[in-house]
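[1] here you go, sequence then predicted model.
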Amino acid sequence: MYAIAGTDMYIKSHQLTENRCTQAWRRKVVYTCVPAAYDLQYSQLAKWSHDDIAVLKVEKPFLFEGRAWRECKYKPAIIPINFDLEYEQPGTDAIVLGWGHTMEWRSPNSTVDLNQKKLQYTSVSILDREECKKHFTNTDMGKQIDDYMICTYHDGKLDDSGKIITSRKYYHRRKSNTTVPWERRRSSSRRNGICQNDHGGPLVTWINGTEHVIGIASVFRVDQHSQCIGPFLYTSTARNKEFVNCILKDLIHTDDIERRRSVCDQPEGAKSLVILRRYIKWTENTRGSLSSNLNIRPQIPISQYTGK
């Protein structure tokens, strides 16, 4: 698994060494952290979506200064993480980004690649949690929405620069100078949200004029026609403040693996937050290709996405 920056193109794994940007700026993931309560039972929606968040470390830093990104589409910038619940209130406008499918859930037997060639965004509006839970009859999902999630369903009012959309006739692709008809917007026919392979994408809003990540794409539903529908769920960064801060503090202040904590500090009287850490080993095969010891998860049956 690699972390990649500097491109808005969807680049397949076998093309990483062919693209000049990813050839220079792909970074091997060497360390992952997830809450120990996160249950990797991919066949059960209420299990794998439980506090669906992770922090990764790459082999060496990305450089954000100088002319090092001249081979890429753009020079990336560090984006702040939001830890204030005020900015995930119902009615808050945001955008979500991804390369995933526009509408269709691909069947497990299909080999058709439905991912988008360029990074796309859609404008969304945060939905009240009580209204959101009406669409999920599983009681475990209701608790998760209360404890960890941000929910969106309706059209938002922001474009990808944080400005109010005044006309829906046109929109701009993320990190692109081209203008395309609004009707081709990826959200126009699927209620403004996420779909297959958008998982892990950022939910972003503007706080005092600055982009902030407020959530991470997690759950969508699928109807009887294999179409992605809402409400759409994102793991809240504000509701994982202690977890993220604990990991970042450890990574910044010590490289001593033995000193890194498995239990984060919590407010007095609160339940301890236990962390599951994993160190990833990379190996080179006889043909010179690199691989890691991470397993690729199977595609989840469509029945798990009906929201029941």
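    Arrived safely.

[2] all contacts plus neighbour counts: C-alpha atoms, from now on.
    Fine.

[3] where does this structure have low pLDDT?
    Scanning the chain with the threshold set as pLDDT under 70 gives 40-43, 167-191, 251-272, 285-308.

[4] which residues of it fall in helices?
    20-25, 45-48, 129-133, 139-148, 241-253 (DSSP state H).

[5] start and end of stretch 7-17, how far apart?
    14 Å (C-alpha to C-alpha, to the nearest Å).

[6] coming back round to it: using TSV, lay out the helices of the chain together with mean neighbour count and distance to Phe62.
    As requested, the helices of the chain are arranged in TSV below (neighbours: other C-alpha atoms under 10 Å; distance: least, C-alpha to C-alpha, whole Å):
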stretch	mean neighbour count	distance to Phe62
helix 20-25	18	8
helix 45-48	19	30
helix 129-133	16	37
helix 139-148	17	30
helix 241-253	15	15
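
[7] out of the ones you listed, nearest to Lys73?
    helix 20-25 (7.9 Å; C-alpha to C-alpha).

[8] can you tell me which of the helices of the chain comes nearest to Gly66?
    Here helix 20-25 is closest among these (C-alpha to C-alpha), at 14.2 Å.

[9] so what's the residue nearest to Ala54 when sequence neighbours are not counted up against?
    Leaving out its chain neighbours, the residue that sits closest to Ala54 by C-alpha to C-alpha, 6 or more residues apart in numbering is Val34, at 4.7 Å. Taking C-alpha atoms under 8 Å, 6 or more residues apart in numbering, we find Val34 in contact with 53-55, 275-277.

[10] now, of those residues, which are buried?
    Among those, those classed as buried by 16 or more other C-alpha atoms under 10 Å are 53-54, 275, 277.

[11] burial measure for Lys60, as a count.
    Residues within reach of Lys60, counting by other C-alpha atoms under 10 Å, total 10.

[12] distance check, Asp250 against Val96.
    29 Å.

[13] repeat that for Pro202.
    For Pro202, the distance to Val96 - C-alpha to C-alpha - is 6 Å.

[14] can you pull the residues that touch both of the two?
    Going by C-alpha under 8 Å, 6+ apart, residues that sit against Pro202 and also against Val96 are Ala217.

[15] those two: which has the busier surroundings?
    Val96 (24 against 21).

[16] is the closest residue to the more buried one other than its chain neighbours bridged to anything, and to what?
    Nearest residue to Val96, sequence neighbours excluded (C-alpha to C-alpha, 6+ apart): Leu203, at 4.5 Å. In this entry, Leu203 is beta-bridged to Val96, Gly215, by DSSP bridges.

[17] what's the neighbour count on Leu203?
    Applying other C-alpha under 10 Å, I find that Leu203 has 25 neighbouring residues.

[18] try Asp84
    By other C-alpha under 10 Å, the burial measure for Asp84, its neighbour count, is 12.

[19] OK, contacts around it?
    Ala238.

[20] picking that back up, filter the buried ones among the contacts of Val34 down to the ones in strands?
    Taking DSSP state E, the ones among the buried ones among the contacts of Val34 that sit in strands are 275, 277.

[21] looking at the buried ones among the contacts of Val34, which is nearest Asn197?
    Once C-alpha to C-alpha is applied, the member of the buried ones among the contacts of Val34 that ends up nearest Asn197 is Ile53, at 15.7 Å.

[22] how far away is the closest one from Ala5?
    For Ile53, the distance to Ala5 - C-alpha to C-alpha - is 20 Å.

[23] tell me where the stretch 51-200 of the chain has strands.
    55-58, 93-98, 120-126, 149-155, 170-172, 179-181 (DSSP state E, counting those that start in this stretch).

[24] can you put those strands in TSV and add distance to Thr235?
    As requested, those are exported to TSV (distance: least, C-alpha to C-alpha, whole Å):
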stretch	distance to Thr235
strand 55-58	13
strand 93-98	13
strand 120-126	13
strand 149-155	5
strand 170-172	26
strand 179-181	31
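
[25] include distance to Ser218 when you put the helices of the chain into TSV, please.
    Below are the helices of the chain laid out as TSV (distance: least, C-alpha to C-alpha, whole Å):
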stretch	distance to Ser218
helix 20-25	26
helix 45-48	9
helix 129-133	15
helix 139-148	11
helix 241-253	17
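
[26] of the ones you listed, give the one that comes closest to Asp159.
    So among the helices of the chain, helix 129-133 is nearest, using C-alpha to C-alpha, at 23.8 Å.

[27] which strands and helices sit next to that closest one?
    Applying 3 or more C-alpha pairs under 8 Å, 6 or more residues apart in numbering; DSSP states H and E, we find helix 129-133 packed against helix 139-148, strand 149-155.
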